[in-house]
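S.K.: Quick one, structure for this:
(one chain, ligands or ions: 1)
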Amino acid sequence: MSAGASGQEETAARVKALESMLIEKGVVTSSMVDRIVDIYENQVGPQLGAKVVAKVWIDNDFRHRLLDNAAEACRELGIGGLQGEDMVVLEDTDEVHHAIVCTLCSCYPWPVLGLPPNWYKDPQYRARIVREPRKVLADDFGFNVADSVEIRIWDSSSEMRYWVLPQRPAGTDGWSEEQLAALVTRDSMIGVGPVKAAS
Ligand code: FE
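M.R.: Numbers count the residues shown, from 1 in each chain. Predicted structure coming up:
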């Protein structure tokens with residue numbers, strides 16, 4: 001597989017060709033395609049994942065349901081759809097920190113995180129996060145995981161898409177779900193960054 005800008009251009013050209021063909025054959029209309037792009041660029045995004053995480057932090061029964069069957073629990077909040085049919089949520093603890101990758105391509109839980117950032121699709125990230133996770137998190141993301149904490153990397157696929165449930169930050173007792181959701185970053189649900197600190 002080709003890398004970098006030329007790889008992206010090639011992919012874009014292939015997608016464009018496929019789109020034209022599907023429109024020509026009457027499988028989809030141009031406005032259907034525009035609508036789907038709009039949904040995943042503007043409406044579905046990490047704010048939805050943040051909502052799920054905040055609910056987990058205040059509702060332990062929901063936490064169990066999410067860890068048991070993420071897709072089903074997300075549907076309770078009206079969150080679901082394309083590329084989220086089979087999701088597994090990995091819970092960070094004091095002992096273990098999780099991070100996700102798709103070593104093969106760019107599988108990612110769209111309904112809760114939106115479309116993947118470009119670096120997630122970068123062959124460098126995909127190869128290195130598996131080989132030297134602690135170093136990649138520190139060097140590329142400025143995210144230092146304590147040596148006492150084990151780092152586990154999860155390789156997503158089209159069958160199974162992982163994402164991370166970060167730990168609730170200290171100093172947030174009594175906070176509302178909305179206040180908590182504002183602390184949850186996209187990167188914390190990928191596992192490459194922290195949640196925001198309570199202030
Ligand atoms: Fe993939």
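
S.K.: CA only for contacts and neighbour counts going forward, please
M.R.: Noted.

S.K.: Would you mind listing the residues in contact with the residue nearest to residue 79 when sequence neighbours are not counted?
M.R.: In space, and not counting its chain neighbours, residue 79 is closest to residue 111: 6.4 Å by CA to CA, 6 or more residues apart in numbering. Applying CA atoms under 8 Å, 6 or more residues apart in numbering, we find residue 111 in contact with 44-45, 48-49, 79-84.

S.K.: Neighbour count and distance to the ion for those residues - can I get that in a markdown table?
M.R.: Below are these laid out as a markdown table (neighbours: other CA atoms under 10 Å; distance: CA to the ion, whole Å):
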| residue | neighbour count | distance to the ion |
| --- | --- | --- |
| 44 | 20 | 19 |
| 45 | 20 | 18 |
| 48 | 23 | 21 |
| 49 | 27 | 19 |
| 79 | 18 | 21 |
| 80 | 23 | 18 |
| 81 | 14 | 17 |
| 82 | 11 | 14 |
| 83 | 18 | 10 |
| 84 | 23 | 13 |
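
S.K.: can you list the domain ranges for the protein.
M.R.: 5-40, 47-190 (automatic domain parsing).

S.K.: quick one, which of the ones you listed is packed in tightest?
M.R.: domain 47-190 (a mean of 18; mean count of other CA atoms under 10 Å).

S.K.: Now do the end-to-end distance for it.
M.R.: Using CA to CA, to the nearest Å, one end of domain 47-190 lies 13 Å from the other.

S.K.: Doesn't residue 164 lie inside a strand?
M.R.: Yes. Residue 164: assigned to a strand according to DSSP: H, G, I helix; E, B strand; the rest coil.

S.K.: For it, list the residues it contacts.
M.R.: Neighbour list for residue 164: 89-92, 98-100, 188-191 [criterion: CA under 8 Å, 6+ apart].

S.K.: Now render those residues as a markdown table, adding secondary structure.
M.R.: Below are the contacts of residue 164 laid out as a markdown table (three-state DSSP):
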| residue | secondary structure |
| --- | --- |
| 89 | strand |
| 90 | strand |
| 91 | strand |
| 92 | coil |
| 98 | strand |
| 99 | strand |
| 100 | strand |
| 188 | helix |
| 189 | helix |
| 190 | helix |
| 191 | coil |
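
S.K.: Tell me the one of those residues nearest the ion?
M.R.: residue 100 (11.1 Å; CA to the ion).

S.K.: Looks like that closest one contacts residue 157 (just checking).
M.R.: No. With contact defined as CA atoms under 8 Å, residue 100 does not reach residue 157; the gap is 10.7 Å.

S.K.: Contact residues of the protein facing the ion?
M.R.: Neighbours of the ion within the chain, by CA under 5 Å from the ion: 102, 105-107.
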